[in-house]
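Asker: Only the shape, not the letters, is given here:
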């Protein structure tokens, strides 16, 4: 993904509150946006589990995700962990995380999981802390912005160029935008100029249009 612009789409449908506690704890619970820890499971001040598994649909065009988290209280020598379908995607030791401050997980690669619903695990693991509250919210999925196509006059021709990182895109051309089935692949073999794919065609005849097609 080097050199690609990422576009983020926030999924603000939930906030997770996960509380460590001594001894056995109730099963992890899912909370709608805005719920407080004691709003679930019939009220009261009972402690929740320190981890949860959620069904997380990941968009087909997503390349990465992130989420915000905050840990309040003392979580001693435990770690913050996240996994997708049982594969660890994030592990942060307590010594690496400032408490009582909202932080971001950073970008997590989700390309192997895109286009389907996955099991998302998140929580405090290690089992040493008894008074730590983990808040997880603001899940964001990122997609790669489509590459830009540039055109400029070059002598008696038209130079068309696009980023070298757009490896799965092909240049197509048409003389009639109204005919949706008229696009054909450009026959020119692109050259590489300043980290750009580039082709040059003579300027002649009527209008000609270009596009990148994945």
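Answerer: Arrived safely. Keep in mind that this is a model prediction, so the values were computed, not measured.

Asker: can you list the domains in this protein?
Answerer: 6-144, 150-213 (automatic domain parsing).

Asker: possible to save those as CSV with mean neighbour count?
Answerer: Yep, even glycine has a C-beta here, placed from its N, CA and C like the rest. As requested, the domains of the chain are arranged in CSV below (neighbours: other CB atoms under 10 Å):
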stretch, mean neighbour count
domain 6-144, 16
domain 150-213, 13
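
Asker: looking at these, which one has the lowest mean pLDDT?
Answerer: Ranked by mean pLDDT, the domains of the chain bottom out at domain 6-144, which scores a mean of 77.

Asker: who's in contact with residue 109?
Answerer: Residue 109 makes contact with 63, 64, 89, according to CB atoms under 8 Å, 6 or more residues apart in numbering.

Asker: again with residue 128
Answerer: Taking CB under 8 Å, 6+ apart, we find residue 128 in contact with 75, 76, 77, 78.

Asker: Most widely separated two among those residues?
Answerer: The largest separation in the contacts of residue 128, counting by CB to CB, is between 75 and 77 at 8.1 Å.

Asker: Quick check: neighbours shared by the two?
Answerer: When CB under 8 Å, 6+ apart defines a contact, the residues bordering residue 75 and residue 77 alike are 94, 128, 129.

Asker: need the contact list for the first one.
Answerer: Looking back up the chat, that one is residue 94. The neighbourhood of residue 94, defined by CB under 8 Å, 6+ apart, consists of 75, 76, 77, 78, 79.

Asker: ok, it to residue 126 distance?
Answerer: 8 Å (CB to CB, to the nearest Å).

Asker: One more: residue 184?
Answerer: Using CB to CB, we find residue 184 at a distance of 59 Å from residue 126.
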